[in-house]
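1. A predicted structure for the sequence below; I have some questions about it.
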Amino acid sequence: MSEQERDPLAQEPVPESEANAEELTASEVSAASQEDLPADEHEHAEHEHDVLAEDAASPDPMETKEMLHVDFFEATWMRITAVVIAVFFIAVVISAFAVGFQLPGVYERIDPTTLYDEGSPWADPGLRELAPGKYELYIRAQIWSFTPNMVRVPAGSEVTFYVTSADVQHGFKLQDTNVNMMVLPGQINTLTAKFENPGTYDFVCHEYCGQLHHTMYGQLIVEPEQVAETEGGTD
Ligand code: CUA
């Protein structure tokens, strides 16, 4: 036995029938088979060693059992953990692609000192219709107001919000929707939302931005479709 322990790498290939014999250890078998080989076949046997090493290395049932043994309760917790991770992963995929939860994206960087320049969309921000039922809405935040602070769109509209700040950090949260963004000077953030249900949606600044922070709010009004059409005709 001590001989095996001293030189575990000495294992040599064994004929399968012999390797399966449980009472022989791998090295005992290999030692025996090595003796049987003529001297010039040792090299050949060396080559086969790589292929057979795996088979020969783990026929010991005790060793196999040792490696695979997991406590019952530990295994149970591992299964529960795997299920929880799978459920969370599926929930994230569904909320992202089926329900439409999105992270606000950085649309563009901008020099906040140029917001009021002529020709800048931020000098006169507001609603622009891109296609029927499809709008982009530029909202500029500054202490302590949003421009514009009153917007009307017809029900069923898809609105892409672009927000930036002219001065300090603000927030933009549109009640009862997933629209919730930081409003930072120097950065334009964007999110898209669809408004199926008529109603009044308040938006507020939810980043403390100074003494009159709490007065910083506005409204997005989603009109029933026929009303919006009438208004659109008179515009
Ligand atoms: Cu703007 Cu708080």
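-> Alright, I've got the coordinates. Note that the structure is predicted; figures quoted are calculated from it, not measured. Residues are numbered from 1 along each chain as shown.
2. end to end on stretch 137-152, go ahead and measure it.
-> 11 Å (Cα to Cα, to the nearest Å).
3. beyond the longest helix out of those in the chain, next helix or strand please.
-> Longest helix of the chain, by residue count under DSSP state H: helix 72-97. Remark: after helix 72-97, the chain's next helix or strand is strand 105-109, criterion DSSP states H and E.
4. for that next one, buried residues please.
-> Of all the residues in strand 105-109, those buried under the rule 16 or more other Cβ atoms under 10 Å are Tyr107. The C-beta positions use only the backbone N, C-alpha and C, and glycine is treated the same way.
5. what pairs with that strand, parallel or antiparallel?
-> If you go by DSSP bridges, strand 105-109 pairs up with strand 187-195 (antiparallel).
6. show me where this protein dips below the pLDDT cut-off.
-> For the chain, applying pLDDT under 70 flags the ranges 1-66, 226-235.
7. run the last query once more with 90
-> Along the chain, segments meeting pLDDT under 90 span 1-70, 95-124, 131-133, 176-178, 191-192, 224-235.
8. can you show me the helices along it?
-> 2-6, 16-19, 26-36, 42-57, 61-68, 72-97, 225-234.
9. residues of the longest one that come out buried?
-> If I follow you right, that is helix 72-97. In helix 72-97, counting by 16+ other Cβ under 10 Å, buried: nothing.
10. residues of this protein that sit close to the ligand?
-> Ala141, Trp144, His170, Cys205, Glu207, Tyr208, Cys209, His213, Met216 (Cβ under 6 Å from any ligand atom).
11. residues contacting the fourth one?
-> Same thing as Cys205. Shown in contact with Cys205 (Cβ atoms under 8 Å, 6 or more residues apart in numbering): Ala141, Trp144, Phe146, His170, Gly171, Phe172, Lys173, Val183, His213, Met216, Tyr217.
12. beta partners for the last one?
-> Tyr217 has these beta-bridge partners by DSSP bridges: Val204.
13. how many other residues sit next to Gln142?
-> Number of residues near Gln142 (other Cβ atoms under 10 Å) recorded here: 19.
14. tell me what it is bridged to.
-> Beta-bridge partners recorded for Gln142 (DSSP bridges): Ser145.
15. cool, the one 10 residues further on as well?
-> For Arg152, the beta-bridge partners under DSSP bridges are Ile221.
16. now the two most distant members of the contacts of Cys205.
-> Trp144 and Lys173 (15.4 Å; Cβ to Cβ).
17. touching stretch 83-100 from outside, list them.
-> Contacts for stretch 83-100 (Cβ under 8 Å, 6+ apart): Phe101, Gln102, Asn178, Ala193, Lys194.
18. quick one on the thing from earlier: narrow the residues of the chain next to the ligand to those that are buried.
-> Ala141, Trp144, His170, Cys205, Glu207, Cys209, His213, Met216.
19. residues near the closest residue in space to Pro112 that isn't next to it in sequence, how many?
-> Closest residue to Pro112 apart from its sequence neighbours, by Cβ to Cβ, 6 or more residues apart in numbering: Pro185 at 4.1 Å. The local packing of Pro185 (other Cβ under 10 Å) involves 18 other residues.
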